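Participant: here is my input, please return the structure:
(one chain, ligands or ions: 3)
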Amino acid sequence: DEYDLVITNGVCVTAADVAPLDIAIRDEKIVLLAPSGLLSKARTKRLIDAEGGYITPGGVDCHVHLQEPSMFGKGTSADNYETGTRSAIAGGTTTIIAFAPQQKNLDSVLTALENTHTLARGNSYCDYGFHVLVANPCEKALFEFKKLASVEGVTSLKIYMMYEALQLRDNEILSVLLAARSNHILTMIHAENGDVLAWLTEKLEAAKLFAPKYHGHSHAPILESEATNRAIALSSLVADTPILLVHVSEPAAALRIRAAQTAGRPIFAETCPQYLFLTRDDLDRPGFEGAKCVCAPPPRDADDQNAIWLGLQNGTFAVLSSDHCPFRFDDAVTGKKTCISDEFPVGKFRHIPNGLPGIETRLPLVFSARKLELAKFVEVTSTNAAKLYGLYPRKGGILPGVSDADLVVWYPEGRLGEFPLTNDLLHHDVDYTPYEGRVLRNWPRYTILRGNVIWDRDGGGIVSEKTYGQFLKRQESSLNGIWRTVEEDGPFDLEKL
Ligand code: DUC
Ligand code: ZN
Ligand code: ZN
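Facilitator: Ligands and ions are numbered 1, 2, ... in the order given. Below is the predicted model:
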């Protein structure tokens, strides 16, 4: 009855409680919680003294793009499974859910999934699951949803309402929603109006407005609020099938989501650090540097940031994910952020790949900002993500006998003082962070995955292997019993419309 690991003198934070507790771990699981100090003399292979620091469940980052083809067809996103998950664990994230992208010219989502398994297998420092990205909802692909959920453990998918290469029309969205509904698959939606984007982009270019900051103009807030409203309406037509609006950036969309939630509808939402820490001014950095902050939706205004913080505090947003989707600023390969070329000597905003690195900085930035109660911080960065995507209580909690021993031990508050975030602290394969110079106050001291220390900041950094991460087959979503309420509504019925 020796333990594998005991953590003593820490303050445990869950989505429900903050309490000084010792934690005992055996066979990859949390097996016992005890009053603080009680286990400091227990028989154990390894003892960690948290010295009064906080201990949180390992981060669950449920929106991650690794080694994905760029949305504009050239090159791929910068991090592969090895470098992306290395970066994840150094920032306290022990589980990711990444995308298995289907292209329009592929009629199978199972093939897309198998291709992505090949990229990830044996290459992941953290545990991982997949969402499929559905770009071609043909009959065959929709038929495969059943196997996806019941055999493959993939219980969520993402669709886009923009990007030529990925955009679905409303009729296609309805077909996806219906097939997802009958298989209890959660549909994530990138809600921006692609046609309005194309129109605005043409207008801006006609006026010779090419600089990175015009990316922000082309993605006006109305694109997002309109598409969000439409997505919610389409879900209602298909008997209120649950949807999740990803990366919500602006208050009109958040208000629409909040209203649907208040009406009891199964509408869920996510936001990301870029909408809390960047503004449109960051798109207007000198030279071409604004490209470093080009993502979709784009960073908005300071007032909008406040509305997004509020939406986290009041529960409008169930989850805070990274949307890690990096492209190198300057690099020989295609897909770089500096899209200046012989062909486009001024580097037009429409060619800047959309997406930012953020898998490693998500937890330290938000933890250091001190704008969320600690329990809320854990809820939106770990527990709710696990519940929403069918991983709870194995992930996202610290239930003895049930939860994997996935933990972050933070430094005692004040130990690190205030220090600037710089890209050379990070472990991704990206030549910049959009948050260069931001003030941090803490960082994961140890990251523990299934009872093994995998990140030891003062003792070697990454102290694990890229073969340690395991694929996670997921159950259907359990957040707020979302599929229970759908059952009560009965099946989709044309006669009811
Ligand atoms: N949407 C994402 O979810 N990630 C990166 C780019 C995008 O548009
Ligand atoms: Zn998106
Ligand atoms: Zn994304």
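
Participant: does Leu391 touch Gly153 like I think?
Facilitator: No - assessed by Cβ atoms under 8 Å, Leu391 is found out of contact with Gly153, at 10.0 Å. The way it works is simple: take the backbone N, C-alpha and C, and place the C-beta from them, glycine included.

Participant: where does Ala24 sit: helix, strand or coil?
Facilitator: For Ala24, the assignment made with DSSP: H, G, I helix; E, B strand; the rest coil gives strand.

Participant: please name the nearest non-neighbouring residue to Ile454.
Facilitator: Of all residues not flanking Ile454 in the chain, Ser464 sits nearest, at 3.7 Å (Cβ to Cβ, 6 or more residues apart in numbering).

Participant: flag every residue of the stretch 51-200 of the chain that's near ligand 1.
Facilitator: 65, 190 (Cβ under 6 Å from any ligand atom).

Participant: which residues are in contact with whichever residue of the stretch 51-200 of the chain sits closest to ligand 1?
Facilitator: In the stretch 51-200 of the chain, the residue that lies nearest ligand 1 is His190 (5.2 Å; Cβ to the nearest ligand atom). Going by Cβ atoms under 8 Å, 6 or more residues apart in numbering, His190 touches 158-162, 246-247, 296.

Participant: same deal with Ile30?
Facilitator: Going by Cβ under 8 Å, 6+ apart, Ile30 touches 23-24, 398-405.

Participant: ok, those residues vs ligand 1, which is closest?
Facilitator: Ligand 1 lies nearest to Asp404 out of those, by Cβ to the nearest ligand atom, at 26.8 Å.

Participant: what about the closest residue to the closest one other than its chain neighbours, how many residues nearby?
Facilitator: Spatial nearest neighbour of Asp404, excluding adjacent residues (Cβ to Cβ, 6+ apart): Arg450 at 5.1 Å. Using other Cβ atoms under 10 Å, Arg450 is surrounded by 19 other residues.

Participant: quick revisit: among the contacts of Ile30, the buried ones, what's the ChimeraX command?
Facilitator: Here is the ChimeraX selection string for the buried members of these, based on 16 or more other Cβ atoms under 10 Å:
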select :23,24,398,403,404,405
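
Participant: also near ligand 1: which of the contacts of Ile30, exactly?
Facilitator: By Cβ under 6 Å from any ligand atom, no member of the contacts of Ile30 lies near ligand 1.

Participant: adding distance to Thr241, pLDDT and secondary structure, write the contacts of Ile30 out as CSV.
Facilitator: Converted to CSV, the contacts of Ile30 look like this (distance: Cβ to Cβ, whole Å; pLDDT from 0 to 100; DSSP: H, G, I helix; E, B strand; the rest coil):
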residue, distance to Thr241, pLDDT, secondary structure
Ile23, 39, 98, strand
Ala24, 42, 98, strand
Ile398, 32, 98, coil
Leu399, 30, 98, coil
Pro400, 36, 98, coil
Gly401, 34, 97, coil
Val402, 30, 98, coil
Ser403, 30, 98, coil
Asp404, 30, 99, strand
Ala405, 35, 99, coil
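
Participant: check contacts around Ala15.
Facilitator: Ala15 makes contacts with 375-376, 378-379, 382-384, 396-397, as judged by Cβ under 8 Å, 6+ apart.

Participant: helix, strand or coil: sort out it for me.
Facilitator: Classification of Ala15 using three-state DSSP returns coil.

Participant: what about it, distance to ligand 1?
Facilitator: With the distance defined as Cβ to the nearest ligand atom, to the nearest Å, Ala15 ends up 25 Å from ligand 1.

Participant: pLDDT score assigned to that residue?
Facilitator: On the pLDDT scale, Ala15 is placed at 98.

Participant: pull the residues that contact stretch 256-267.
Facilitator: 225, 228-229, 232, 235-236, 240-243, 245, 248, 269, 311, 314, 316, 480, 482, 485-486.
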